[in-house]
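Student: What follows is a predicted structure for the sequence shown.
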Amino acid sequence: PAWSAPTGPGEGPTAVVSVAIAAAAGTATLVLVGFSVLSPATRAWTLALSLAAWVLVIALGWRRGGLPLAPVLAGIALTAVCAVATPSHQSLDVFSYAMYGRMVAVHHENPYDSVPADFPDDPMRPYVGRMWQRTPDIYGPAFTAVMVAAAPVVGTSPLRVRLAYQVLAAGAFAALLAVLWRMTRSAVALAFVGLNPLATVSVVNGGHPDVFVALLLLVALELARRRRPGACALALATAAAVNATALVVAAAVA
């Protein structure tokens with residue numbers, strides 16, 4: 001009941017709610033589109049303001065028993081689109097993904113036994129972050145398969161690499177929100193996940209596979225709630241095959 005769709009006066013928009021939603025989405029968007037012109041201190045304060053506005057949105061939604069759905073969806077859409085439309089300045093991990101994929105697709109080597117530095121003539125190798133140059137593939141076989149499949153498509157174009165993994169992350173983010181809406185029918189729940197600036201500024205903009213893990217774990221929790229242990233176990237296993245950190249949640253669910 002606490003997460004059910006509101007039907008009373010609390011459902012309608014108010015000035016405070018609208019301003020809070022706009023502030024959460026607007027400041028996150030500013031961090032994304034203005035990264036290169038904002039100083040590090042200004043970026044930090046802008047992100048802190050976005051987090052504070054997000055907390056206020058959730059607090060208002062919880063107290064009122066709901067949030068207006070349209071502004072929440074608009075805020076999520078704005079930040080997600082900007083997360084894909086802008087380069088990732090906070091992470092170069094997408095180039096590591098491309099390099100691991102090329103190890104298999106192009107060089108026919110095992111990415112768990114090789115490191116990017118082993119291929120000094122590969123056009124993608126210079127884009128890999130310094131700390132990952134001598135690190136083998138740290139992801140599970142499911143995401144490694146994605147990296148291998150993407151390698152021939154993205155080639156050696158940094159733009160295609162970035163867009164490919166950002167679009168994949170945005171798609172998984174949208175699917176996660178769709179599952180969450182199906183489970184809760186709550187705009188507050190959508191805002192809790194979708195308006196969190198770290199979800200778009202870091203995960204989607206960085207093209208990180210963490211969003212796939214989150215999606216699969218949410219599906220697993222819903223399957224567990226429905227007493228479908230076989231399907232739940234499959235979702236948990238797939239999440240662990242993306243990143244082994246999912247095993248922590250799998251143990252809790254078990």
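Tutor: Looks like it came in fine.
Student: Show me where the stretch 1-150 of the chain has its strands.
Tutor: Using DSSP state E, counting those that start in this stretch, no strands are found in the stretch 1-150 of the chain.
Student: Could you list the low-confidence segments of it?
Tutor: Applying pLDDT under 70 to the stretch 1-150 of the chain flags residues 1-13.
Student: for the protein, which helix is longest?
Tutor: Ranked by residue count under DSSP state H, the longest helix found in the chain is helix 158-184.
Student: got a list of what the nearest residue to Ala191 once chain neighbours are set aside touches?
Tutor: With CB to CB, 6 or more residues apart in numbering as the criterion, Ala191 has its nearest non-adjacent residue at 4.9 Å, and that residue is Val72. C-beta coordinates here come from the backbone N, C-alpha and C atoms, glycine included. By CB atoms under 8 Å, 6 or more residues apart in numbering, the residues touching Val72 are Ile21, Ala187, Leu190, Ala191, Gly194, Leu195.
Student: most surrounded residue in these?
Tutor: Using other CB atoms under 10 Å as the neighbour criterion, Ile21 leads those with 28 neighbours.
Student: Quick one: mean pLDDT for the longest helix of the chain?
Tutor: Confidence for helix 158-184, expressed as mean pLDDT, is 96.
Student: Determine how far it lies from the middle of the whole chain.
Tutor: Per CA atoms, centre = their mean, to the nearest Å, the displacement of helix 158-184 from the mean C-alpha position of its chain is 7 Å.
Student: Can I get the helix or strand just after it in PDB? Just the C-alpha atoms.
Tutor: Once the chain leaves helix 158-184, the next helix or strand it forms, by DSSP states H and E, is helix 187-194. Only the C-alpha atoms of helix 187-194 are listed here, as PDB (Å, rounded to 0.1, in the frame of the first residue of the first chain):
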ATOM      1  CA  ALA A 187       5.800   7.300  -9.600                       C
ATOM      2  CA  VAL A 188       7.700   7.600  -6.300                       C
ATOM      3  CA  ALA A 189       9.500   4.300  -7.000                       C
ATOM      4  CA  LEU A 190      10.300   5.500 -10.600                       C
ATOM      5  CA  ALA A 191      11.700   8.800  -9.200                       C
ATOM      6  CA  PHE A 192      13.700   6.900  -6.600                       C
ATOM      7  CA  VAL A 193      15.600   5.000  -9.300                       C
ATOM      8  CA  GLY A 194      15.200   7.100 -12.400                       C
END
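Student: Which other helices and strands does helix 187-194 contact?
Tutor: helix 40-64, helix 69-85, helix 158-184 (3 or more CB pairs under 8 Å, 6 or more residues apart in numbering; DSSP states H and E).
Student: Run the angle between it and helix 69-85 for me.
Tutor: Using axes from the mean of the first three to the mean of the last three CA atoms, to 10 degrees, the direction of helix 187-194 lies 10 degrees away from that of helix 69-85.
Student: can you list contacts of helix 187-194?
Tutor: Residues contacting helix 187-194 (CB under 8 Å, 6+ apart): 3, 5, 21, 54, 57-58, 61-62, 66-69, 72-73, 75-76, 80, 173, 176-177, 180-181, 183, 199.
Student: For these, which PyMOL command selects only the ones that are buried?
Tutor: This is how PyMOL selects the buried members of the contacts of helix 187-194, with burial counted by 16 or more other CB atoms under 10 Å:
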select buried, resi 21+54+57+58+61+66+67+68+69+72+73+75+76+80+173+176+177+180+181+199
